[in-house]
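# Provided below for reference: sequence and predicted model.
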Amino acid sequence: MIDADVEYTFHCYDHCPFGNRVAFLMDHFGIKYKKVVYGYGSGALPKDCEGEGYDGDLNPRRLTGKKQLPVLEGVGVPIVKPDDIGMAESLEICSFLIGRHQL
């Protein structure tokens, strides 16, 4: 049962197979989401990467405190720490979606 009123924001890297797993599940079952795509260097601090990273507005670190994607954000999405904005880990995201939408 898909709840038509629920909408998520899905944060993923452009190159990540784990993000594709979550996107496939949501697309297959018609779960509405907004996709935010990050480049390979997103969230990599230049001082830690010989000047090659960047830490601007589109930075995955703001979601969970780590340079880690995919992350699902939305009302009712469980978080691990109080400062987190969304749920990380593709299998946990898939499990949450399957349970929430009774897939």
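Here it is on my side, so go on.

# you'd agree residue 18 is up against residue 90?
Yes: counting by Cβ atoms under 8 Å, residue 18 touches residue 90, with 4.0 Å between them. The way it works is simple: take the backbone N, C-alpha and C, and place the C-beta from them, glycine included.

# overlap in contacts of the two?
Any residue near both residue 18 and residue 90 by Cβ atoms under 8 Å, 6 or more residues apart in numbering counts here, and that gives residue 70.

# the more surrounded of the two?
residue 90 (22 against 17; other Cβ atoms under 10 Å).

# show me the contacts for the more buried one.
Residues in contact with residue 90 (Cβ under 8 Å, 6+ apart) are 18-19, 21-22, 70.

# The same query, at a cut-off of 6 Å, please.
Residue 90 makes contact with 18, 21-22, 70 under the criterion Cβ atoms under 6 Å, 6 or more residues apart in numbering.

# Check the gap between it and residue 84 for me.
16 Å (Cβ to Cβ, to the nearest Å).

# Which of the helices or strands spans residue 36?
Per DSSP states H and E, residue 36 falls inside strand 33-38.

# Quick one: the strands in the chain, in order.
Applying DSSP state E to the chain gives strands spanning 8-13, 33-38, 71-73, 87-88.

# tell me the most buried of the ones you listed?
Across the strands of the chain, averaging neighbours per residue (mean count of other Cβ atoms under 10 Å) puts strand 71-73 on top, at a mean of 24.

# Tell me which other helices or strands that strand touches.
Here strand 71-73 touches strand 8-13, going by 3 or more Cβ pairs under 6 Å, 6 or more residues apart in numbering; DSSP states H and E.

# got the angle between the strand it packs on and strand 33-38?
Interaxial angle of strand 8-13 relative to strand 33-38 (axes from the mean of the first three to the mean of the last three Cα atoms, to 10 degrees): 20 degrees.

# Mind listing the strands strand 8-13 pairs with, and their directions?
According to DSSP bridges, strand 8-13 forms sheet pairs with strand 33-38 (parallel), strand 71-73 (antiparallel).

# Just send these back as TSV, with mean pLDDT too.
Formatted as TSV, the strands paired with strand 8-13 follow (pLDDT from 0 to 100):
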stretch	mean pLDDT
strand 33-38	91
strand 71-73	96
